[in-house]
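A.B. asks: below is the sequence, then the predicted model.
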Amino acid sequence: MTVHDCRTVVLGGSSGIGLAVAELLVAEEGVDLHVMGPTAEDAERVRSLLGAAAAAHTIDLLVRSPPGRRDRSSLATRPPRQHSRPT
């Protein structure tokens with residue numbers, strides 16, 4: 001697979017597997033790499049690790065209820081969807 005001349009977004013790219021993927025992608029020529037992490041400190045650390053070849057952004061991917069809402073349920077607590085299997 002080639003990622004030449006592609007915009008690539010790595011969610012959770014500030015640590016673990018996401019950071020490892022970002023490190024591999026930053027080595028590819030012509031990749032427009034955007035790495036997402038949860039805090040400004042993470043974004044700054046990614047910028048220092050990957051250099052100018054990658055843009056680091058802050059994004060909070062946790063699902064939260066809107067302010068004032070009493071129901072604190074989130075996607076993580078909902079029952080799994082039923083999927084049909086091919087026959």
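C.D. replies: All right, it came through fine.

A.B. asks: and the residue lying closest to L33 once chain neighbours are set aside, what does it touch?
C.D. replies: Nearest residue to L33, sequence neighbours excluded (Cβ to Cβ, 6 or more residues apart in numbering): A54, at 4.2 Å. C-betas here are computed from N, CA, C, even on glycine. Neighbouring residues of A54 by Cβ atoms under 8 Å, 6 or more residues apart in numbering: 22, 25-26, 33-35, 46-47.

A.B. asks: ramachandran angles for A54?
C.D. replies: When read as degrees, to the nearest 10, the backbone of A54 gives phi -130, psi 140.

A.B. asks: quick check: the gap between it and L62.
C.D. replies: 23 Å (Cβ to Cβ, to the nearest Å).

A.B. asks: buried residues in stretch 48-67?
C.D. replies: Residues 50, 54, 56-57 are the ones in stretch 48-67 that count as buried (16 or more other Cβ atoms under 10 Å).

A.B. asks: cool, and stretch 21-40?
C.D. replies: Applying a neighbour-count criterion of 16+ other Cβ under 10 Å, one finds 21-23, 25-26, 31, 33-37 buried in stretch 21-40.

A.B. asks: what about the helices in the protein?
C.D. replies: For the chain, helices defined by DSSP state H occupy the ranges 16-26, 40-50.

A.B. asks: pLDDT of the last one, averaged?
C.D. replies: Computed over helix 40-50, the mean pLDDT rounds to 90.

A.B. asks: out of everything not next to it in sequence, what's closest to E44?
C.D. replies: Nearest to E44 is A56, by Cβ to Cβ, 6+ apart, at 7.3 Å.
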